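# quick check, what structure comes out for this input:
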Amino acid sequence: GLFGGELVAIDGSRFKAVNGPRRSFTQRKLKKLMEEADNKMEEYLRELDTADEVEMDNERPTAEERREKIEKLKARKQTYEEVEKQLEESGESQVSMTDPDARLMWRGIGSQAEVAYNVQLSVDAKNKLIVDHEVTNACTDAEQLTAMAVRAKESLGVEKLEVLADRGYYDSQEVAACSENGVSVYSSAPLRLDTKSAVLTNTILQHPAEQATGSQTRPGSGSPTMSGCACACTHRRGTDRSDRRHRSSPGSLITRPPLL
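Residues are numbered from 1 along each chain as shown. Now for the predicted structure:
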């Protein structure tokens, strides 16, 4: 067949949405914008109070122009307050006004954030054919591993499957869930900062048996272990994503009717 059904690679791609960054809001951004609006209104009000006491400059806005600016700022602040209320009621961390399903995402180190979708893909290793895809608004690939791996396994109709994924997917709980569903995962653990030498090092989770022998299995070997522990054991070395205080939102799947 065209599909090997033994080894699959999973990765995510950012697809830019029709929504500019200025039309995307978070709680922090809204708070900052409302503070700026308040400060600007206070500035205009002070200028109105002193307008009769100082000689007016022709280049400076008139009292009427200042009043118009104040009214615009009030309307803008009211809009921000409505968006903030919408965020609180929805429980979401951010909202996009033009494309509500899209989210502000970072493309990588050194790049700017953009409003986009996170499209997950699983590709079979034999002929590099796409097995499955899913459009989500998750800002990172964390917590996407199990869902995509199990979907690929079901699409291929196999009992067991080996999966390759980069460190962006690494999570000990996700790896354990994959193992429980017959999926062996091969992935690197996230980089951590060695504070003594100020060097980023790649810490991995190892199965206890691998630590004893000092060996690591490779994809295609038929072994259920991995270079980051594909079993459900709780042995840990170093840190992993699940131990971090702040976990990123898993996002939600985006479903839309097909184009006619």
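# not counting sequence-adjacent ones, nearest residue to residue 151?
Residue nearest to residue 151 in three dimensions, not counting chain neighbours: residue 132, with 5.0 Å by CB to CB, 6 or more residues apart in numbering. Quick note: C-beta positions are derived from backbone N, CA and C, even for glycine.
# tell me the pLDDT at the one you found?
Listed pLDDT for residue 132 reads 96.
# that one in helix, strand or coil?
The assignment at residue 132 comes out as strand when based on DSSP: H, G, I helix; E, B strand; the rest coil.
# what distance do you get for it to residue 119?
Going from residue 132 to residue 119 by CB to CB, to the nearest Å gives 11 Å.
# who has more neighbours, these two?
Neighbours per residue (other CB atoms under 10 Å) separate residue 132 from residue 119, with residue 132 holding more: 21 against 15.
# can you list the strands that the lengthiest strand in the chain pairs with?
Ordering each strand of the chain by length in residues (DSSP state E) puts strand 113-124 first. According to DSSP bridges, strand 113-124 has the following sheet partners: strand 7-16 (antiparallel), strand 103-106 (antiparallel), strand 130-136 (antiparallel).
# which of those strands sits most buried?
Greatest average neighbour count among these goes to strand 103-106 (a mean of 21), per mean count of other CB atoms under 10 Å.
# neighbouring contacts of it?
14, 21, 24, 26, 94, 96, 113-118, 137-139, 251 (CB atoms under 8 Å, 6 or more residues apart in numbering).
# how much space separates residue 175 from residue 103?
Taking CB to CB, one finds residue 175 at 25 Å from residue 103.
# next: residue 186.
28 Å.
# again with residue 159
36 Å.
# can you map out the helices along the stretch 51-200 of the chain?
63-90, 145-156, 172-180 (DSSP state H, counting those that start in this stretch).
# now these as a markdown table including mean neighbour count, distance to residue 107 and mean pLDDT?
What follows is the helices of the stretch 51-200 of the chain, written out as a markdown table (neighbours: other CB atoms under 10 Å; distance: least, CB to CB, whole Å; pLDDT from 0 to 100):
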| stretch | mean neighbour count | distance to residue 107 | mean pLDDT |
| --- | --- | --- | --- |
| helix 63-90 | 14 | 24 | 87 |
| helix 145-156 | 21 | 20 | 96 |
| helix 172-180 | 21 | 22 | 93 |
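# how about those in TSV, adding distance to residue 3?
As requested, the helices of the stretch 51-200 of the chain are exported to TSV (distance: least, CB to CB, whole Å):
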stretch	distance to residue 3
helix 63-90	40
helix 145-156	6
helix 172-180	19
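# list the contacts for residue 68?
Here residue 68 is in contact with no residue (CB under 8 Å, 6+ apart).
# which non-adjacent residue is nearest residue 157?
residue 5 (7.5 Å).
# equivalent analysis for residue 74, please.
Excluding the flanking residues, the one nearest residue 74 by CB to CB, 6+ apart is residue 41, at 7.1 Å.
# same question, residue 177
Distance criterion CB to CB, 6+ apart; nearest residue to residue 177, sequence neighbours excluded, is residue 146 at 4.4 Å.
# so the one you found versus residue 124, what's the distance?
Applying CB to CB to residue 146 and residue 124 gives a distance of 18 Å.
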